[in-house]
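> turn this into a structure:
(one chain, ligands or ions: 1)
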Amino acid sequence: MAEPILLQTLRGKPTLRPPVWFMRQAGRVLPNYLKLKENYTFWQMMQQPKVAAEVTLMPVYDLGVDAAILFSDILVIPYAMGMGLDFTDDGPVFDKPLAQRSNPLVGLNPDPSKLNYIYDVVDEIIKTRPANTPLIGFCGAPLTVLLFMLQGLGRKGDFPDAVKFIYQNPETTQKLVDAITKLSVVYAKEQIRHGVEVFQLFDTHAGLLPFDLYKKLFLPATVKMAAAVRKENIPFIFFPKGLGTGIAEITPDHADFLSIDWQTSLPTARKLVHPEIGLQGNIDPRLLFAPREEMEKTLESYIEFGSKNQNWIFNLGHGFIPGLPYENARFLADWVKNTDWKR
Ligand code: CP3
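Next comes the predicted model:
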């Protein structure tokens, strides 16, 4: 059987078109997901292997994307470290955010077995997936995960208490980063042992700190994660959203492919990023609110880049947001697959 197109691109082989998948493709825009969600909470969906596998594969059938991404969340790591977590209509909420505790290191008690249900989900996906559908595993990078742990709430956009904590407590921050990284390495390796074939590290809030501070406190963890994943011969994609010109300092030690946000144009990113690193991205998800002709005009501007760059995965510059029209998501995937990329 031919190698799936996503794996071909990640392994540096030429293809006639870029592979396509979307960050946060498994919920939100899919009518079948919204229907299923009437019967379950998000936690229940994640924890029941049959349901989680069904949701994971839904975008493969309903959007026609070239890969599935495990249906889970980056916040399962703090949960497995002993933090109480609830997913509410207003986003995730933690009991006793770390920034409010007198000693944030006391009371954290990493228990890798609390992630076991996720490996059952991976097993179920591998068993039921259609042929030629690679499975992407993932976790959150320590900064983004730590911001939620410190602040406690997901919708406080700029995490004010968390950033203040990081400046006031660099040593404790370092210890927390190390603890998150250690458990994340175990988690990534187990996902791979159960069958994920590509791994993505999400650092959605990488742009919240000055690049030099981010580089010192948080980028070493990315090197550790990338090394652990590549040791298993699995390609590693890194999504540090909002890094700006910091992408010029990402080296092959950090990533095989770098996922570019919608703020940075792909040709500019290509000039800045190390030539051995492939790119992924970077459609603004909100483009899907625009009239079809506007969408098409923007998409056509990607053809020149795609004709010249084989080491590129078509994706969004951040995940799908709730309320985007499903038909436009479907159109986007179809467009990538039916366009003449002049290769
Ligand atoms: O494609 C997929 O949906 C795969 C699974 C996935 C989820 N979360 C499911 C989810 C992935 C890859 C994530 C990553 C994630 N989770 C990130 C990083 C990527 C990004 O888009 O920024 C972050 C920051 C989180 C934390 C998180 N989880 C927030 C802030 C929220 C609430 C707000 C929101 O975006 O919906 C969640 C809940 C969540 N995670 C949902 C889903 C499908 C929504 C649950 C629902 O349907 O109510």
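
> got the residue ranges for the helices in the stretch 101-250 of the chain?
For the stretch 101-250 of the chain, the helices defined by DSSP state H, counting those that start in this stretch cover 116-128, 142-151, 160-168, 170-193, 211-217, 219-231.

> how near is the residue of the chain most remote from its centre to the ligand?
Most distant residue from the mean C-alpha position of the chain: Ser102, 31.9 Å away (C-alpha atoms, centre = their mean). Distance check for Ser102 against the ligand: by C-beta to the nearest ligand atom, to the nearest Å, it reads 26 Å. For glycine as for every other residue, the C-beta is placed from the backbone atoms N, C-alpha and C.

> follow-up on the earlier one: can I get the helices of the stretch 101-250 of the chain in CSV with mean neighbour count and distance to Met81?
Listed next are the helices of the stretch 101-250 of the chain as CSV, based on neighbours: other C-beta atoms under 10 Å; distance: least, C-beta to C-beta, whole Å:
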stretch, mean neighbour count, distance to Met81
helix 116-128, 17, 15
helix 142-151, 26, 8
helix 160-168, 17, 16
helix 170-193, 18, 6
helix 211-217, 16, 18
helix 219-231, 19, 15
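
> those helices into JSON lines, with extra columns for mean pLDDT and distance to Pro110?
Converted to JSON lines, the helices of the stretch 101-250 of the chain look like this (pLDDT from 0 to 100; distance: least, C-beta to C-beta, whole Å):
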{"stretch": "helix 116-128", "mean pLDDT": "98", "distance to Pro110": "14"}
{"stretch": "helix 142-151", "mean pLDDT": "97", "distance to Pro110": "12"}
{"stretch": "helix 160-168", "mean pLDDT": "97", "distance to Pro110": "20"}
{"stretch": "helix 170-193", "mean pLDDT": "98", "distance to Pro110": "5"}
{"stretch": "helix 211-217", "mean pLDDT": "98", "distance to Pro110": "20"}
{"stretch": "helix 219-231", "mean pLDDT": "98", "distance to Pro110": "15"}
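
> distance to Asp203 for those helices - can I get that in JSON lines?
As requested, those are arranged in JSON lines below (distance: least, C-beta to C-beta, whole Å):
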{"stretch": "helix 116-128", "distance to Asp203": "20"}
{"stretch": "helix 142-151", "distance to Asp203": "5"}
{"stretch": "helix 160-168", "distance to Asp203": "14"}
{"stretch": "helix 170-193", "distance to Asp203": "12"}
{"stretch": "helix 211-217", "distance to Asp203": "9"}
{"stretch": "helix 219-231", "distance to Asp203": "8"}
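
> right, so of those helices, which gets closest to Asp89?
helix 142-151 (16.8 Å; C-beta to C-beta).

> give me the contacts around the closest one.
74-75, 77-78, 81, 83, 92, 94, 97-99, 104, 139, 154, 159-163, 165-166, 173, 176-177, 180-181, 184, 202-206, 208-209, 214, 217-218, 221 (C-beta atoms under 8 Å, 6 or more residues apart in numbering).

> the ligand next: which of those are close?
Counting by C-beta under 6 Å from any ligand atom, Ile74, Leu75, Pro92, Gly154, Phe202, Thr204 from the contacts of helix 142-151 sit close to the ligand.

> let me see the contact set for the residue lying closest to the second one once chain neighbours are set aside.
I take that to be Leu75. Excluding the flanking residues, the one nearest Leu75 by C-beta to C-beta, 6 or more residues apart in numbering is Pro92, at 5.4 Å. Shown in contact with Pro92 (C-beta under 8 Å, 6+ apart): Asp73, Leu75, Leu85, Asp86, Phe148, Leu153, Gly154.
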